[in-house]
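In: from the sequence below, what's the structure:
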Amino acid sequence: MKIIIQAGGLGSRMKNLTNVKPKSLISAKYMPIIFHLFKKYPNDEFIIIGDYKFDVLDRYLATFAKNVNYILIKSHKKGNAAGIKEAVSYIPDNEPFMIIWSDIILSESFYVNEIKLGCQVGIVDFKCSWSLINGRLEKTEKTGCGVAGLYVFNNKSWFIDFPEDGSFTEWLRKKDIPLYPISLMGSIDVGTLEAYNKINSTVNRTRPYNKIEFIDGKVVKTGITDEAKKLIDREVLWYKKMNEYKFDFIPKIYDINPLTMEFIDGNNVFLMDFDKNTKKIFLIKLLWHYLKCIIMMKFKHRILIFIQSILKKLF
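Out: Numbering: from 1, shown residues only. Prediction:
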C-alpha cells in the first residue's frame, strides 16, 4: 500500500523544537517521528508532503533514509489539505492508499486488515477537535471517537474535485463518502508540546542511525547505517587527536571497534533548570573555555617560544 504522509505545517504548537527543523524530524521515542512510519512499513512506498524547512527535510531524508522508498513533494499552499492533490496523482488507479499526519506514532498492533468501499477513519480514545459519530464527521470533542489524522481510501476516485488548500477534514465531511472507524488505540499523537513531553524521554536517547548499549559500566556505540559508521570513524579520530594534545576533558576510550568509552554520570545541559538564554550563555562559555584549552595544547610549544622571544627583547 502506498502511504501519503502530510509532513507540512509550521509546527508552531511545538514552540522552539521546530525553530530549525520541521515537526516530522523532532525526535520522539528515540527517533524522528516520521521514521516510526518507515520502521513500521519497511516495504511500502511513501509520498511525503513538506513545506516548512523543506530543505532540511530533503537533506535529512537524502542522508538517513536512503533505504526508504519515498517521493518528496513541496507544497506552496496552506492548510492540511495542501499538497495532497499532487500526492494522490502518484497513486495508481483502483489501488487503496493511506493518508496519515506525520505526528502520529502508530501502535505495534495497528494494521489495516481489510479495505472497505470509501474511507476508514482512524479513531483514538482521547479527545480531538473532530469526532466520527455514527458514520459522520463532526467538529466536536467526544471521548472514544476522536479523529487523529489517519485515513484509508479504497481508491483515488474520490479525489477528482479535491481542493489545493484548506481543511482536509472539512472536505471529507462535505463529501458523500462512506466513513468507517478503524481503531488507533495505543497509538500516540505527538502534535503538541504537552503530548511530546509526556512520551519523550532524553534519558539514553540516541539518533535513529546509531545504537547505544551500556555494558559493565561502559558505553558502546555502533553505527547502524554506512553514514553513521563514517561519523563514528570521525569521532574516533577526534578522540585520538585530543589524546595527543593531552586534553583531559573527554571520556576515557577503552576500544575503537566498536567505540567503547567511559560512562559519564552527569546531567544533560538541556535538562538543567535554566531558562533558554541562560542555557545559551552557559553553553557558549563552556565551549569557548574548552576551545581555548585545545588551542593552548595544540600550539603550546609555539606559544612558549613566542613568549620567550618577547621576554628576551624586553630584558
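In: mind listing what's buried along the lengthiest helix in the chain?
Out: Assignment by DSSP state H gives helix 276-298 as the longest helix of the chain. Applying a neighbour-count criterion of 16 or more other Cβ atoms under 10 Å, the buried positions in helix 276-298 are M297. In short, each C-beta sits where N, CA and C put it, glycine included.
In: just stretch 87-96 next, same as before
Out: A87, V88, I91, P96.
In: just give me the closest of those residues to K40.
Out: P96 (16.8 Å; Cβ to Cβ).
In: nearest spatial neighbour of the closest one, skipping sequence neighbours?
Out: Nearest residue to P96, sequence neighbours excluded (Cβ to Cβ, 6 or more residues apart in numbering): I115, at 4.6 Å.
In: the one you found contacts V152, doesn't it?
Out: Yes. Counting by Cβ atoms under 8 Å, V152 is a contact partner of I115 at 7.1 Å.
In: circling back to that earlier point, residues contacting the residue nearest to P96?
Out: Contacts for I115 (Cβ atoms under 8 Å, 6 or more residues apart in numbering) come out as P96, V152, N154.
In: can I get the residues you listed in a markdown table with secondary structure?
Out: A markdown table is the format used below for these (DSSP: H, G, I helix; E, B strand; the rest coil):
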| residue | secondary structure |
| --- | --- |
| P96 | coil |
| V152 | strand |
| N154 | coil |
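In: got the domain ranges for this structure?
Out: Split into domains by automatic domain parsing, the chain comes to 2-199, 210-262, 269-314.
In: still on that earlier bit, can I get the contacts of I115 in TSV including pLDDT and distance to G217?
Out: Below are those laid out as TSV (pLDDT from 0 to 100; distance: Cβ to Cβ, whole Å):
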residue	pLDDT	distance to G217
P96	97	51
V152	97	48
N154	96	55
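In: if we can go back for a sec, mean neighbour count, the domains of the chain: which tops it?
Out: Among these, ranked by average contacts under mean count of other Cβ atoms under 10 Å, first place goes to domain 2-199 (a mean of 17).
In: for that one, the distance to its chain's centre please.
Out: 14 Å (Cα atoms, centre = their mean, to the nearest Å).
In: from the opening residue of it to its closing one, how far?
Out: Domain 2-199 has an end-to-end distance of 28 Å (Cα to Cα, to the nearest Å).
In: where does pLDDT dip in this protein?
Out: Along the chain, the model assigns pLDDT under 70 to residues 200-209, 267-272, 298, 300-315.
In: where along it do the helices fall?
Out: Assigned by DSSP H, the helices in the chain fall at 33-40, 54-64, 84-88, 168-174, 193-199, 226-244, 276-298, 300-314.
In: perfect, I'm done here.
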